[in-house]
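[1] Structure here, sequence nowhere to be found:
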Ligand SMILES: CC(C)(COP(=O)(O)OP(=O)(O)OC[C@H]1O[C@@H](n2cnc3c(N)ncnc32)[C@H](O)[C@@H]1OP(=O)(O)O)[C@@H](O)C(=O)NCCC(=O)NCCS
């Protein structure tokens, strides 16, 4: 893995300093990252849920987690996770009040050194020009993506493919093989984490699986486009049935014409947003819709 070359070390007293993240940093790192992503953590369940998410990658990959501080205040966080032969940027965020002062660059530099011996990498990027610039500078090939959002036209729904069934803990070994075939690494720990938070997993035999996180398609990996389309239709139907949640599908690359076809036929709105950064050869990544925090 190539490391992002650092600029000269900032020595001004208010320059960001980077250090390894500890469990004690979780509340401050969660607050900084929630502010950066405009995530509402004012209510208690929302705050706890985001803190659990931030604590998760620290627990699995403490060596890939760092915080930036200015003075005594934690203003930014980075988390990288390594699964088998894949490095993945799980979180990079700087509090809006401290952005554009090199914290993001310094954090990413440290996270890239973690897992420097694995040959493939993936970043599910926001649309922030600073993020896109940093990832491209670090040697990632940037692939632009689309978002699809909007109420589902239920008249467009095809009958559910009878081969699709709900999946849980007992299916994780089988699903690991599908993830390996598509992106070079399993998702087992992250699927287990998702299940503990109430996500729904469905599988199409050994041809593919999809994960739905309360209205959002959180991951879809399939060995062929027919299975991928059937899975996407099915999770959109489940999402549409989730009360007032508007279904969304994000990080759709141009390689996923099967997904573009489904979301447009489902009546959803498509817009360009974000990118996927790829380094080395994780796998075909098609038919594939990545998990935002875990690739
Ligand atoms: C993306 C983010 C982490 C970058 O961190 P940061 O501390 O604000 O950015 P940095 O100061 O390190 O700047 C990064 C690069 O963008 C450039 N940059 C700084 N401000 C910029 C601006 N307003 N517009 C465009 N480029 C800018 C910097 O010059 C630097 O490039 P260089 O290293 O070639 O000089 C941070 O802005 C953020 O949290 N954004 C919102 C959340 C988000 O989108 N996170 C990324 C998720 S994938």
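    Nice, thanks for sending it over. Just so you know, these numbers come straight off a predicted model, no measurement behind them. Numbers count the residues shown, from 1 in each chain.
[2] Next, the one residue in the chain that gets nearest to the ligand: secondary structure please.
    Relative to the ligand, the nearest point of the chain is residue 104 (2.0 Å; CB to the nearest ligand atom). Any C-beta I mention is one placed from the backbone N, CA and C, and that applies to glycine too. Here residue 104 is recorded as helix under DSSP: H, G, I helix; E, B strand; the rest coil.
[3] these two touch, right, residue 177 and residue 208?
    No: counting by CB atoms under 8 Å, residue 177 stays clear of residue 208, with 11.0 Å between them.
[4] In terms of neighbours, single out the busier of those two.
    Per other CB atoms under 10 Å, whichever of residue 177 and residue 208 has more neighbours is residue 208, with 28 against 12.
[5] what sits against that one?
    Going by CB atoms under 8 Å, 6 or more residues apart in numbering, residue 208 touches 178, 220-224, 227-228, 231, 287.
[6] rerun at 7 Å
    The contact partners of residue 208, by CB atoms under 7 Å, 6 or more residues apart in numbering, come to 178, 221-223, 227-228, 231.
[7] Give me the buried subset of those residues.
    For the contacts of residue 208, a burial check counting by 16 or more other CB atoms under 10 Å picks out 178, 221-223, 227-228, 231.
[8] Go through these and flag which are in helices.
    178, 227-228, 231 (DSSP state H).
[9] May I see these organised as TSV, with pLDDT and distance to residue 171 added?
    Shown next, in TSV, are those (pLDDT from 0 to 100; distance: CB to CB, whole Å):
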residue	pLDDT	distance to residue 171
178	98	10
227	98	15
228	98	17
231	98	14
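[10] Return the closest of these with respect to residue 147.
    Residue 147 lies nearest to residue 228 out of those, by CB to CB, at 17.7 Å.
[11] So that closest one is in contact with residue 287, correct?
    Yes: applying CB atoms under 7 Å, one finds residue 228 in contact with residue 287, separated by 3.5 Å.
[12] how close does residue 198 get to residue 276?
    26 Å (CB to CB, to the nearest Å).
[13] can you list contacts of stretch 83-100?
    The contact list for stretch 83-100 (CB under 7 Å, 6+ apart) reads 1, 16, 32-33, 35-37, 54, 57, 68, 70, 75-81, 103-104, 107-108, 111, 115, 118-123, 130-131, 183-186, 282, 293-295.
[14] do you know how far the residue lying closest to residue 285 once chain neighbours are set aside is from residue 85?
    What sits nearest to residue 285 in space, not counting adjacent residues and going by CB to CB, 6 or more residues apart in numbering, is residue 183, at 6.0 Å. Residue 183 is 10 Å from residue 85, where distance means CB to CB.
[15] any chance of the contacts of residue 208 in TSV, plus distance to residue 245?
    Converted to TSV, these look like this (distance: CB to CB, whole Å):
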residue	distance to residue 245
178	26
221	23
222	23
223	29
227	25
228	22
231	18
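[16] can you list the weak-confidence ranges in the stretch 1-150 of the chain?
    Applying pLDDT under 70 to the stretch 1-150 of the chain flags the ranges 1-10.
[17] now do 80
    Residue ranges of the stretch 1-150 of the chain with pLDDT under 80: 1-13.
[18] What residues does it have near the ligand?
    The stretch 1-150 of the chain has residues 36-37, 92-94, 99-105, 125-126, 128-131, 133-134, 137 near the ligand, with proximity defined as CB under 6 Å from any ligand atom.
[19] Turn the buried ones among those residues into a named ChimeraX selection, would you?
    Entered in ChimeraX, the line below selects the buried ones among these, by 16+ other CB under 10 Å:
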select :36,92,93,94,99,101,102,103,104,105,125,126,128,131,134
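[20] now, which of the residues of the stretch 1-150 of the chain next to the ligand lie within strands?
    Mapping these onto strands (DSSP state E) picks out 92-94, 125.
[21] Now flag whichever of the residues you listed is closest to residue 171.
    Using CB to CB, those come closest to residue 171 at residue 125, 29.8 Å.
[22] Leaving aside the residues adjacent along the chain, what's closest to the residue of the chain closest to the ligand?
    According to CB to CB, 6+ apart, the nearest residue to residue 104 is residue 94 (5.1 Å).
[23] quick one: the one you found from residue 112, how far?
    Distance, residue 94 to residue 112, by CB to CB: 16 Å.
[24] What of residue 124?
    From residue 124 to residue 112 the distance is 16 Å (CB to CB).
[25] More neighbours: these two, which one.
    residue 112 (23 against 20).
[26] and residue 176, what element?
    helix 172-183 (DSSP states H and E).
[27] for that helix, the distance to its chain's centre please.
    17 Å (CA atoms, centre = their mean, to the nearest Å).
[28] Which of the residues in it are classified as buried?
    172, 175-176, 178-180, 182-183.
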